[in-house]
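In: Sequence first, predicted model second:
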Number of protein chains: 2
Amino acid sequence: MKANLEDIARAAGVSKMTVSRVLRGGSGFSGETAQRVMQAAERLGYIPNRLAAAFGAEQASTLVGMCVPRLTSGLFGHVLDGVDRALTRLGFQLMIGANNHSAAEEEAWVRQLVSWRPAGVILSGRTHTPATVDLLRKAALPVVEIWDLTTSPIDMAVGFSHFDCGVEMGRHLIRRGRRRAGYVGALARADVMGAARLDGFRSELAQAGHPLVDAEVLHDAPGFYAGYYGMETLLSRRGDLDAVYFHNDEMAIGGLAFCQARGLRVPDDIGVAGWGGMEAASILPRRLTTTVVPTTAIGKAAAEALAARLTGVAGPDVTIVPTRLVPGETV
Amino acid sequence: MKANLEDIARAAGVSKMTVSRVLRGGSGFSGETAQRVMQAAERLGYIPNRLAAAFGAEQASTLVGMCVPRLTSGLFGHVLDGVDRALTRLGFQLMIGANNHSAAEEEAWVRQLVSWRPAGVILSGRTHTPATVDLLRKAALPVVEIWDLTTSPIDMAVGFSHFDCGVEMGRHLIRRGRRRAGYVGALARADVMGAARLDGFRSELAQAGHPLVDAEVLHDAPGFYAGYYGMETLLSRRGDLDAVYFHNDEMAIGGLAFCQARGLRVPDDIGVAGWGGMEAASILPRRLTTTVVPTTAIGKAAAEALAARLTGVAGPDVTIVPTRLVPGETV
DNA sequence: TCTGGCTACGTTACCGGTAAACCAATGGAG
DNA sequence: CTCCATTGGTTTACCGGTAACGTAGCCAGA
């Protein structure tokens, strides 16, 4: 039914090996032979078998795995897009997985992945089980950890400091005269990076002499609803806040919706800041003050770091991508 | 370096085949043997080689491919999530690709995919090149086409009628007393499904005796900005519209932002309707009138249809998932 | 006692490529 | 005229699993 190299070889009157070389565009054959082979392959509707190729030649396959926290995150959608575009251009295939912010789920996924003998892996975050790290080391896979900067990456890293994002936003709020700031987060205990931003925020405020008044870290996923209700909860405990920093833009927009619903004027009565830089944030009636993260660039850089490693070019082990605090009209 | 079945066999004092049977949880071995094998495998840090397994046994692999129009779409993020959760539970791995609304790019991706001999494929939409269809047929792959209902799916389909969505929204606007409706779309000529909604919308309005006044279909990606500027463009041409139907919720929200910026009162001066049902739509100051699409359910159904087909259970060829028009406060 | 069926394995033959080694012409340099 | 490099191939030996089939030992029932 399905043609293989042998069939083409027979049809073209050459050996299997010659067909292999022609189809992979190598050398060691005449133009005339090449044409006969190509025609035969075309005529027989040959579909290459990468399974056999990757298996037979122990050389790296063209498979790259990537694990994100959640597939529903707008930010990671852009990261994925950046990765996918770069990998496609470089001739790789992308295998994805979601770990739902759980290192154990990530381990299970990595275990599946390495059994496909991929060329490399891209992981999100720096929280991995020891078994995961062990597995990756044993498989001798190029690994890129994205999103957060790790002091000691497993292999390579592309990202930025979440702590610094928090610090910067804290400084901004202080500069804008805010003195009683709160924080609304999500994914309590599951998301290390949101926690890092909160740490940075808290530390900067404390240093400025106007420490964080209160923080509400929900267990929910960081969406609009969570922002709305987080804001409600926080303000019901502390009605005297003059600014609230959110886990991300979606939540901040939810928070803004709450303010609107309660007749709170932003930024006069209360300031609101987000994080991430989703498109909607810049088109709200009042542009949201937020930190823009170069998501697509991170994905692209991760894919290219991996590809560079695979072609033997020594790239940088750690790539720092700059985030940018964009002052809007909400604080 | 890396252990294989042979190594385990040697260590456990049995044959390769017995190891294979034990590790795959089959039968034909004693409990004592099983334990020796397991321990040896554990001790040697055995990592199975799915490449070899899928290659050797011509049986279907556990690889499933999925192609979406854009990875940055919020709606498709949820579809992907639904697919991924279901597939992971069923023991499959997900390989993804984006076609950027281009049948040619989809073909290129499918060509790559089939060379991995996957167990099945999930495609978005019903626009495929003849070569794509041919390729899939030749590979005898189970195929699920999602998102849009196809009259004659390649194999299976999970989705709904975009035309009907448009019809329903047209009816809603008429019921609300709107008589001069416009439309703002995106991805001109690339997105067949948005066009189908517009067709349905247009046809229903015409039938009601209040035909569509004007439509502005941009070439851009359907985001907030596009909605903002699309609204601006449309209203500059036709200032007398009393309602605008948007390609999706993001664009509708962009349109709302424009209204706010220009001091247009919604829904008094003008009505706004979206499509898709993003979370943000329900938390806006005025809840957006939109059609909610059960994205995650579609993904789940697609994955399960595929799995059913693979286990030999005959599932339905076409699964219709219901969309729901949710009247908000914007029209 | 013989037969048949079960359990618990072992043997053998692939799957479809690729690397590496090998070989037969051919043409040009010395 | 010989030698050697180059061109254009072929042959062989794997890669690591799995299916299919073979078989020894044991026990039950006729």
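Out: Yes, it's here. Small disclaimer: the values here were computed from a predicted structure and weren't measured.
In: need the helices for the stretch 1-150 of chain A, in chain order.
Out: A:5-12, A:16-23, A:31-44, A:50-56, A:74-90, A:103-114, A:130-138 (DSSP state H, counting those that start in this stretch).
In: got a list of contacts for the fourth one?
Out: This points to helix A:50-56. Contact partners of helix A:50-56, identified using Cβ atoms under 8 Å, 6 or more residues apart in numbering or on different chains, comprise A:61-63, A:117, B:49, B:51-52, B:54-55, B:61, B:115-117. No exception for glycine: its C-beta is placed from N, CA and C like everyone else's.
In: which of these sit farthest apart?
Out: The most widely separated members of the contacts of helix A:50-56, counting by Cβ to Cβ, are B:Asn49 and B:Ser115 (18.4 Å).
In: hmm, back to that, nearest to A:Arg171, of the helices of the stretch 1-150 of chain A?
Out: helix A:74-90 (22.8 Å).
In: filter the contacts of helix A:50-56 down to the ones near DNA strand D?
Out: Restricting these to those near DNA strand D by Cβ under 7 Å from any atom of the strand leaves B:49, B:52, B:55.
In: how does chain A divide into domains?
Out: As given by automatic domain parsing, the domain ranges for chain A are A:5-48, A:63-161+A:295-323, A:162-292.
In: picking up where we left off before, let's have the ones next to DNA strand D among the contacts of helix A:50-56 in a markdown table, adding distance to A:Val14 and neighbour count.
Out: Compiled in a markdown table, those are given as follows (distance: Cβ to Cβ, whole Å; neighbours: other Cβ atoms under 10 Å in any protein chain shown):
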| residue | distance to A:Val14 | neighbour count |
| --- | --- | --- |
| B:Asn49 | 31 | 18 |
| B:Ala52 | 28 | 18 |
| B:Phe55 | 24 | 19 |
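In: for these, which one is nearest chain A?
Out: B:Phe55 (4.4 Å; Cβ to the nearest Cβ).
In: tell me the pLDDT at the closest one?
Out: For B:Phe55, the model assigns a pLDDT of 93.
In: Tell me how far it lies from B:Lys2.
Out: Using Cβ to Cβ, to the nearest Å, B:Phe55 is found at 17 Å from B:Lys2.
In: all strands for the stretch 201-331 of chain A, in order.
Out: Using DSSP state E, counting those that start in this stretch, the strands found in the stretch 201-331 of chain A span residues A:214-217, A:243-246, A:271-273, A:290-292, A:318-320, A:324-326.
In: now, of the helices of the stretch 1-150 of chain A, which is deepest in the fold?
Out: Mean neighbour count (mean count of other Cβ atoms under 10 Å in any protein chain shown) peaks for helix A:74-90 among the helices of the stretch 1-150 of chain A, with a mean of 22.
In: list the contacts for the residue lying closest to A:Leu198 once chain neighbours are set aside?
Out: Here the nearest residue to A:Leu198 in space, its sequence neighbours aside, is A:Tyr183; by Cβ to Cβ, 6 or more residues apart in numbering or on different chains that works out to 5.6 Å. For A:Tyr183, the contacting residues are A:198, A:201-202, A:212, A:214-217, A:244-246, by Cβ under 8 Å, 6+ apart.
In: what's the answer for A:Gly263, then?
Out: If a contact means Cβ under 8 Å, 6+ apart, then A:Gly263 has no contacts.
In: For the stretch 51-200 of chain A, just list every one of the strands.
Out: Under DSSP E, counting those that start in this stretch, the stretch 51-200 of chain A gives strands at A:63-68, A:93-98, A:120-124, A:143-148, A:156-160, A:181-185.
In: Who are the contact partners of A:Phe258?
Out: Shown in contact with A:Phe258 (Cβ under 8 Å, 6+ apart): A:227-229, A:231-232, A:235, A:264.
In: and which of those is nearest A:Val292?
Out: Among those, and counting by Cβ to Cβ, the member closest to A:Val292 is A:Gly227, at 18.1 Å.
In: what about that closest one, how many neighbours?
Out: 32 (other Cβ atoms under 10 Å in any protein chain shown).
In: Quick one, grab the pLDDT at the closest residue to it other than its chain neighbours.
Out: Leaving aside its chain neighbours, A:Gly227 sits nearest to A:Gly254 (2.5 Å; criterion: Cβ to Cβ, 6+ apart). Predicted confidence (pLDDT) for A:Gly254: 93.
In: which ones are touching A:Gly254?
Out: Contacts for A:Gly254 (Cβ under 8 Å, 6+ apart) come out as A:223-231, B:283.
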